[in-house]
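# what follows is a predicted structure for the sequence shown.
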Amino acid sequence: MNTRPVYTTAQIREIEFRVLHAPNPPALMEIAGLAAAGIARDRLLAQDKDRVLVLAGPGNNGGDAFVVARHLKAWGMKVTLAFTGEAEKLPQDARCAMQRWHEAGGTFETVFPTDKHAAQQWDAVIDGLFGIGLDTARLLPERYREVIRYVNSLNVPVLALDIPSGLTSDTGEVQDICIHAAFTATFIALKPGLLTNDGRNYCGEILVCNLGLQSDTLITAQSWLLDHQHIKTCLPTPRLANSHKGTFGSIGILGGATGIVGAAVLAGRAALNLGAGRVYLGLLADADHVPVIDYGQPELMLRSPRELLRQVELLDCLVIGPGLGNEIAACDFLQQALHSDLPLVLDADALNLIARHEELNKALKRRQAPGVLTPHPAEAARLLHVTKDDIQQNRPRAACELAKKFNCPLVLKGAGSICAYPDGSHYFSPTGNPGLSTAGTGDVLSGFLGALLAQKLTVEKALLLSVYLHGAAADRLLDQMGGPLGMTASEIIPSARSLLNYWIYDGSQGSIKINNQEER
Ligand SMILES: NC(=O)C1=CN([C@@H]2O[C@H](COP(=O)(O)OP(=O)(O)OC[C@H]3O[C@@H](n4cnc5c(N)ncnc54)[C@H](O)[C@@H]3O)[C@@H](O)[C@H]2O)[C@@H](O)CC1
Ligand SMILES: [K+]
């Protein structure tokens, strides 16, 4: 299967326009409503759990809700439908859906239930209040806010139609309140808001109902959801038996100033465990604080930054930033790194210095050799000279803008990490969890990236693989620990190593196999 495309509201509307203006257009709302009703029946309801509250809003999302209600009623469920809009103001398709609901003997409540006057119990709720047409610049009227609060306080599963009401489809931002769904039946194709930012908190399991449309044949996608199929195309090739440490590249890591030595050590350990042949650390810490060996990982070769930079010709990749600090010396080393022809991973303080110093900024823009940036939202904000809130309000736009500004691929980290390229194409990662919200996980990611670049993966492949793998390793740990609390950056490393080996070798490679052939 192809990687799933992700579309903005404008693109979804364009797809809808093209479909509806072709000969014999399909009845999209009917198809959407039937698909969602089937999901509600199969996933939320049962014979002894058949009381369902359907909330219909003032637009076509409300129209979908009328269709869902009609099918659930026909299948014998006890449906209560609440609609507080004005029938004559409904868009054409939604009005038609309401008409058919009436024809099927359906009625509706004209006030939304709230905790004050809802005595009834429900087994499930269908959220058809607002879809992609929600204007989050306008504050939701109190009656909608009240019903959303009420639904969120019920301990019953909610199926959101298209997107959870309150979520901004293009960005995943929530103004102040949003339906908390257990499932989201999203129509035509995925939307960015389901995959990043607050969307990850509110969507539950996402089920894509394509309504019989091949959306990527109608509009060329610029944005995709990463999946394992795609990641398989990014994996390093299995190692040949006749290989040596030189085959898998040498990586240098510049960072580890006094007090933050651990950042560089974590990046180094991550690089080593992800298969780099040789890992050198160039530590900036002063003489009183610099370690001469990492006893936990003695394979790492510790150098001074000057020594490391003197032997750049021995390296296949340089990671600069973890614990780099912001002293003049750090600027100098960064300047030298930017002028080298090595593939570069620029992380943490390297990004902060580039944001602050015009000459570093220019040097990055002028670079021809491959590079990758790994900002978190605060670093992205510094690089774009905006606030962190500005970044979070539209993560996909910020990621693409940064990639274009520096003509360099990057990952914008955070819930629903986004890998973006200078041409505007970008990928959302489905992996990762709040266990990653702890110090050092970014250093580990930069080490992974460096290791894959040192093993000669292209920047594009190394970026997608390392981001996806980093999150998947954390997801695996979460499963093992029963939750995200207390996950540490160090633990991500062996978890990722096992996963990567498993993905490449499928448990099937190893030492030479010799057996006796039985003679007959
Ligand atoms: N585009 C398509 O091809 C399809 C769309 N369908 C449904 O149609 C939805 C889009 O329908 P609409 O464009 O009518 O949009 P919505 O139904 O999402 O919302 C628009 C309505 O909400 C009101 N509204 C928006 N922001 C508000 C605010 N802050 N406070 C109060 N009221 C506000 C608008 O005045 C309008 O009445 C999709 O999400 C999907 O559920 C489906 O029927 C399947 C096909
Ligand atoms: K909705």
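Thanks, I have it. Ligands and ions are numbered 1, 2, ... in the order given.
# near ligand 1 at all, stretch 178-188?
Yes: contact of stretch 178-188 with ligand 1 (Cβ under 6 Å from any ligand atom) involves 187, 188. The C-beta positions use only the backbone N, C-alpha and C, and glycine is treated the same way.
# domains in the chain, as residue ranges please.
Here the domain parsing of the chain from automatic domain parsing is 4-225, 249-505.
# of all those, which one is nearest residue 234?
Closest approach to residue 234 among the domains of the chain (Cβ to Cβ): domain 249-505, 3.9 Å.
# if we can go back for a sec, out of the domains of the chain, the one nearest residue 235 is which?
Nearest to residue 235, of the domains of the chain and by Cβ to Cβ, is domain 249-505 at 5.2 Å.
# off-centre distance for the closest one?
Put simply, domain 249-505 sits 17 Å off its chain's centre (Cα atoms, centre = their mean, to the nearest Å).
# wait, what's in contact with the residue nearest the centre of the chain?
Computing the C-alpha centroid of the chain and ranking residues by Cα atoms, centre = their mean puts residue 416 first, at 2.3 Å. Residue 416 is in contact with 172, 195, 196, 197, 199, 200, 395, 428, 429, 432, counting by Cβ atoms under 8 Å, 6 or more residues apart in numbering.
# closest to ligand 2 among the residues you listed?
residue 199 (12.6 Å; Cβ to the ion).
# and the closest one, how many neighbours?
28 (other Cβ atoms under 10 Å).
# what does the pLDDT read for the closest residue to it other than its chain neighbours?
Counting by Cβ to Cβ, 6 or more residues apart in numbering, residue 172 is the residue found nearest to residue 199 once chain neighbours are left out, at 3.5 Å. Residue 172 is assigned 97 on the pLDDT scale.
# in this structure residue 172 contacts residue 198, no?
Yes: Residue 172 is within contact range of residue 198, at 5.4 Å (criterion: Cβ atoms under 8 Å).
# out of the two, which sits in the busier spot?
Of the pair residue 172 and residue 198, residue 172 is the one with more neighbours under other Cβ under 10 Å, namely 29 against 21.
# surely the residue nearest to the centre of the chain is in a helix?
No: under DSSP: H, G, I helix; E, B strand; the rest coil, residue 416 sits outside any helix and is assigned coil.
# separation between it and residue 223?
Separation of residue 416 from residue 223 (Cβ to Cβ, to the nearest Å): 12 Å.
# residues that sit against both of these two, list them.
residue 428.
# in the stretch 401-520 of the chain, what residue spans correspond to helices?
Along the stretch 401-520 of the chain, counting by DSSP state H, counting those that start in this stretch, helices occupy 441-454, 459-481, 489-505.
# next: the stretch 151-300 of the chain.
199-202, 215-218, 228-232, 261-273.
# which among those is found nearest to residue 458?
That would be helix 228-232 among the helices of the stretch 151-300 of the chain, by Cβ to Cβ, at 14.0 Å.
# enumerate the positions of the closest one that are buried.
By neighbour count on 16 or more other Cβ atoms under 10 Å, the buried set for helix 228-232 is 230, 231.
# dump it to CSV, keeping only the CA atoms.
Taking Å, rounded to 0.1, in the frame of the first residue of the first chain, the C-alpha atoms of helix 228-232 are listed here in CSV:
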residue,chain,number,x,y,z
HIS,A,228,6.1,0.9,8.1
GLN,A,229,5.8,0.1,4.4
HIS,A,230,7.5,3.4,3.6
ILE,A,231,10.1,2.9,6.3
LYS,A,232,11.1,-0.5,4.8
